[in-house]
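Asks: Fold the following, please.
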Amino acid sequence: MILKAIFFFLAFMMVLGIFGKLRFPGQDRLASAKCPKCNRYRIGKGPCNCEKGGK
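Replies: Residues are numbered from 1 along each chain as shown. The predicted model follows:
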């Protein structure tokens, strides 16, 4: 019984890994939310900290 549970858990994790590699809608928008200079995510519509002179 426990071997069956382990097998189903591993199969479920494998399916999640396969579907996790697919492209989902909204990934392009996430990629464009990064700063081109420092590659950090920008929050809001303002400039990034590296453009403002912050850390």
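Asks: did I read that right, Phe7 in a helix?
Replies: Yes: judged by DSSP: H, G, I helix; E, B strand; the rest coil, Phe7 forms part of a helix.
Asks: separation between it and Lys34?
Replies: 40 Å (Cβ to Cβ, to the nearest Å). No exception for glycine: its C-beta is placed from N, CA and C like everyone else's.
Asks: higher neighbour count, these two?
Replies: Lys34 (13 against 10; other Cβ atoms under 10 Å).
Asks: need the contact list for that one.
Replies: Arg40, Tyr41, Arg42 (Cβ atoms under 8 Å, 6 or more residues apart in numbering).
Asks: Nearest to Ala11, out of these: which one, please.
Replies: Tyr41 (33.8 Å; Cβ to Cβ).
Asks: which residues does that closest one contact?
Replies: Here Tyr41 is in contact with Ala33, Lys34, Cys35 (criterion: Cβ under 8 Å, 6+ apart).
Asks: Sort out for me which of the residues you listed are in strands.
Replies: Among the contacts of Tyr41, no member falls in strands (DSSP state E).
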